[in-house]
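J.: Fold the stuff below for me.
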Amino acid sequence: MAHCTELLRAHVRAGADEALGDLRRLVSIPGSAWAGADPRHLEHSAALVAELFEDAGFPEVGIVRAAKPDGMPGAPAVLAHRPAAE
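T.: This next block holds a predicted model:
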């Protein structure tokens with residue numbers, strides 16, 4: 001069991017700098033959850049999340065929008081899919 005714990009710790013340490021860099025990029029995007037917020041921030045956020053999924057090896061990544069009740073496009077949603085391991 002101790003061997004597995006050490007392997008896990010080594011794996012986490014190896015990816016920590018990259019994960020923190022990704023997190024810094026995400027939290028640097030200004031918030032957009034209020035009326036009057038610049039919609040470009042939400043677009044940038046969705047594009048970055050899609051990029052991170054692609055970088056993680058997801059073969060299917062897309063940004064989609066559902067129509068709002070008034071027919072206008074809604075906020076972007078990032079969808080990613082990867083087949084389960086066999």
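J.: Output the below-cut-off pLDDT ranges for this protein.
T.: The model of the chain has pLDDT under 70 over residues 1.
J.: Tell me who's in contact with the residue positioned nearest the centre of the chain.
T.: Centroid-nearest residue in the chain, with CA atoms, centre = their mean: residue 49, separated by 2.8 Å. Contacts for residue 49 (CB atoms under 8 Å, 6 or more residues apart in numbering) come out as 26, 78. Any C-beta I mention is one placed from the backbone N, CA and C, and that applies to glycine too.
J.: unless I'm mixing things up, residue 22 is touching residue 56, no?
T.: No. Using CB atoms under 8 Å, residue 22 makes no contact with residue 56, being 9.7 Å away.
J.: which of those two has more neighbours?
T.: The neighbour comparison of residue 22 against residue 56 (other CB atoms under 10 Å) goes to residue 22, with 17 against 11.
J.: Doesn't the residue nearest to the centre of the chain belong to a helix?
T.: Yes. Counting by DSSP: H, G, I helix; E, B strand; the rest coil, residue 49 is part of a helix.
J.: distance of it from residue 10?
T.: 27 Å (CB to CB, to the nearest Å).
J.: Likewise for residue 72?
T.: Plainly put, residue 72 is 49 Å away from residue 10 if you go by CB to CB.
J.: need the longest helix for this structure.
T.: For the chain, the helix with the greatest residue count under DSSP state H is helix 2-27.
J.: which other helices and strands contact it?
T.: Helix 2-27 sits against helix 39-55, with contacts defined as 3 or more CB pairs under 8 Å, 6 or more residues apart in numbering; DSSP states H and E.
J.: Report the next helix or strand after the helix it packs on in sequence order.
T.: Next along the chain after helix 39-55, taking DSSP states H and E as the criterion, comes strand 60-64.
J.: Contacts for that next one next, please.
T.: Defining contact as CB under 8 Å, 6+ apart, one finds that strand 60-64 is touched by 46, 47, 50, 53, 54, 76, 77, 78, 79, 80, 81, 82.
J.: Next, the angle from that strand to helix 39-55.
T.: With axes from the mean of the first three to the mean of the last three CA atoms, to 10 degrees defining the directions, strand 60-64 sits at 170 degrees from helix 39-55.
J.: Tell me the strands beside strand 60-64, with direction?
T.: strand 77-81 (antiparallel) (DSSP bridges).
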